[in-house]
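>>> One predicted model, sequence on top.
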Amino acid sequence: EAGVAQSPRYKIIEKRQSVAFWCNPISGHATLYWYQQILGQGPKLLIQFQNNGVVDDSQLPKDRFSAERLKGVDSTLKIQPAKLEDSAVYLCASSSSGRGAEPQHFGDGTRLSIL
Amino acid sequence: QKEVEQDPGPLSVPEGAIVSLNCTYSNSAFQYFMWYRQYSRKGPELLMYTYSSGNKEDGRFTAQVDKSSKYISLFIRDSQPSDSATYLCAMSYYGQNFVFGPGTRLSVLP
């Protein structure tokens, strides 16, 4: 079984620029999550999709962050414009249905540095 | 008060020791409790999950949940150098509202 794929692995941009991350979940997984992990902290959930609908985006800074999951498969997370405090690892995870404590399978993340 | 608290460590133990990792939380609505292991520059990997209170064992790992005290633990028996990683507790309710602790760094010394 192929794991969660994320790209790019690393990205360096200047503040006020825009950036996009891509995630391909495990085949057949209905639920997709985007997390932000700042150095030394645990992952913070930004948005959760069930198929192509949003289940939870309460912690997504909607003035600058956006995410979509077209056709209920791949997903992109965008930041526009980026701020220095957005420097973090952006993790994508997926699970088969999102109910209860089904395992979330994580990708290895995109490491974003803002100059 | 943070929603989930965890001692950041680092925790250093000799090979073969029993390791105890703990989290406390404030939201009594949490129903599902998970432990993840994260190696450097890798995504978290699920180790254990439990529903409500009780114990669960899987090989060298045992997870305990005490909802009355809002306290969860992960025990690692016969620890190995390959167990050196950051351990994250996580919890959720209704299959959403996932919250992670800040993680404990563990080093198992040969």
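Here it is on my side, so go on.

>>> B:Y49: how many residues sit nearby?
21 (other Cβ atoms under 10 Å in any protein chain shown). Placement of C-beta: from N, CA and C, glycine included.

>>> no wait, A:L60
Look at A:L60: counted by other Cβ under 10 Å, it has 19 neighbours.

>>> Relative to chain B, how far out is it?
14 Å (Cβ to the nearest Cβ, to the nearest Å).

>>> hang on, A:E85 is in a helix, isn't it?
Yes - according to DSSP: H, G, I helix; E, B strand; the rest coil, A:E85 belongs to a helix.

>>> residues in chain B within reach of chain A, list them.
Within chain B, the positions near chain A by Cβ under 8 Å from any Cβ of the partner chain are B:4, B:6, B:8, B:31-34, B:41-46, B:49-51, B:88, B:90, B:92, B:95-103.

>>> Would you write a ChimeraX line that selects the buried entries of the residues you listed?
Command for ChimeraX that selects the buried part of those, burial taken from 16 or more other Cβ atoms under 10 Å in any protein chain shown:
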select /B:4,6,31,32,33,34,43,44,45,46,49,50,88,90,92,95,96,97,98,99,100,101,102,103
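
>>> Return the helix or strand in chain B with minimum mean pLDDT.
Lowest mean confidence among the helices and strands of chain B (mean pLDDT, DSSP states H and E): strand B:96-100, at a mean of 85.

>>> so how far is it from its chain's centroid?
Relative to its chain's centre, strand B:96-100 lies at 14 Å (Cα atoms, centre = their mean, to the nearest Å).

>>> sorry, back to before: give me the subset of the residues of chain B next to chain A lying in strands.
B:4, B:6, B:32-34, B:45-46, B:49-51, B:88, B:90, B:92, B:96-100 (DSSP state E).

>>> Quick check: A:P8 vs A:E102, distance?
28 Å (Cβ to Cβ, to the nearest Å).

>>> Give me the more crowded residue out of those two.
Each of A:P8 and A:E102 has its neighbours counted (other Cβ under 10 Å); A:E102 has more, 16 against 12.

>>> Tell me which residues touch that one, please.
A:S95, A:S96, B:G95 (Cβ atoms under 8 Å, 6 or more residues apart in numbering or on different chains).

>>> Each with direction, which strands does the helix or strand where A:S113 lies pair with?
With secondary structure defined by DSSP states H and E, A:S113 is part of strand A:110-114. Using DSSP bridges, the strands paired with strand A:110-114 are strand A:10-13 (parallel), strand A:88-95 (antiparallel).

>>> got the angle for the least confident helix or strand of chain B vs strand A:88-95?
Put simply, strand B:96-100 runs at 130 degrees to strand A:88-95, going by axes from the mean of the first three to the mean of the last three Cα atoms, to 10 degrees.
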